[in-house]
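Asks: when you get a sec, could you give me coordinates for this:
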Amino acid sequence: MPDVGHAAMPWLPVRTLMPTQFHSLAKIGNYHGPLLQSHGTADRLIPFAIGQQLFEAANQPKQFVTIAGGDHNDPQTEEYYAALFAFLSGL
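Replies: Below is the predicted model of the structure:
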């Protein structure tokens, strides 16, 4: 969350001021199960680069689905649902 806040308001010391900080990047390495992550390239709430950084820090097995042109609350694409079905079928 601090990185997301900083991306939205880089002129404020958001990282210091946030009372609640979800350090996903520091914690994702503790998860050792299967991961399916999707992220839209046009996400205006959480920058795509932050999603990629989180994915890179995750353990295997993992899969990343890029939603070309997708914003944060856009409906999911057929590509996503196909990946989700394959992911759940493999559990």
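Asks: before we go further, residue 60 is sitting in a helix, right?
Replies: No. Counting by DSSP: H, G, I helix; E, B strand; the rest coil, residue 60 is not found in a helix; it is coil.
Asks: tell me who's in contact with it.
Replies: By CB atoms under 8 Å, 6 or more residues apart in numbering, the contact list for residue 60 is empty. Every residue, glycine included, has its C-beta placed from N, CA and C.
Asks: and what of residue 37?
Replies: So residue 37 contacts 51, 54, 55, 58, 62, 63, 64, 65 (CB under 8 Å, 6+ apart).
Asks: I'd guess the second one is in a helix, am I close?
Replies: Yes. Checked against three-state DSSP, residue 54 lies within a helix.
Asks: pretty sure it contacts residue 28?
Replies: Yes. Contact criterion CB atoms under 8 Å: residue 54 and residue 28 qualify, at 6.0 Å.
Asks: before we move on, back to that, for ChimeraX, what selects the buried ones among the contacts of residue 37?
Replies: Filtering the contacts of residue 37 down to the buried ones (16 or more other CB atoms under 10 Å) takes a single ChimeraX command:
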select :51,54,55,58,63,64,65
